[in-house]
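> Show me the folded form of this:
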Amino acid sequence: MEIPPKSPDGSEKSPQSKELLSSNTASTPCISSRSESVWTSTSRSKWDIYHKPVIVMSVGAAVFVFGTVITSLSCFIEKNKYVYKMCGPAFLSMGLMLLVCGLVWVPIIRKKQKQRQKSQFLQSLKSFFFNR
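This is a model prediction of the structure:
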């Protein structure tokens, strides 16, 4: 029969905890953000949460304005008029698409944050009742 190893503080470790400690989770090739968010309970700033949709909305608004300018140039400049008429609406639609994607992304993130808060609350309740 094998004697479990002792930790530096004198308590005994089970073989399962030894395996968990020896496994290197940082070297996993694919770490999902979902598993990270379960284990890390640090609070994130608003910028950390919403920076991607804000960037997408900003780029979308800029491309939309650029498309509006290009489209309006087709009314004022006679040289290369067809190029402006073709490229302007393309940039306008791409910008509008990015702007709408960013706007839709914000409520999705808010809903996920509420679900995460509920999940953490239920996990703490479950651990409180089942670990007695």
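
> nearest spatial neighbour of T71, skipping sequence neighbours?
G88 (3.1 Å; C-beta to C-beta, 6 or more residues apart in numbering). Placement of C-beta: from N, CA and C, glycine included.

> Give me the mean pLDDT for the strand or helix carrying that neighbour.
According to DSSP states H and E, G88 maps onto helix 81-130. On average, the pLDDT along helix 81-130 is 89.

> same for that helix, what does it pack against?
helix 46-76 (3 or more C-beta pairs under 8 Å, 6 or more residues apart in numbering; DSSP states H and E).

> packing partners for the helix it packs on?
helix 81-130.

> still on that earlier bit, wait, the residue nearest to T71 sits on S74?
Yes. Between G88 and S74 there is a contact under C-beta atoms under 8 Å: 6.1 Å.

> How much space separates the nearest residue to L99 once chain neighbours are set aside from V69?
Nearest non-adjacent residue to L99, counting by C-beta to C-beta, 6+ apart: G60, 3.5 Å away. From G60 across to V69, the span is 15 Å (C-beta to C-beta, to the nearest Å).

> Have a look at these two and say which one is more surrounded.
Neighbours per residue (other C-beta atoms under 10 Å) separate G60 from V69, with G60 holding more: 20 against 13.

> residues contacting the more buried one?
94-102 (C-beta atoms under 8 Å, 6 or more residues apart in numbering).

> Many thanks, have a good one.
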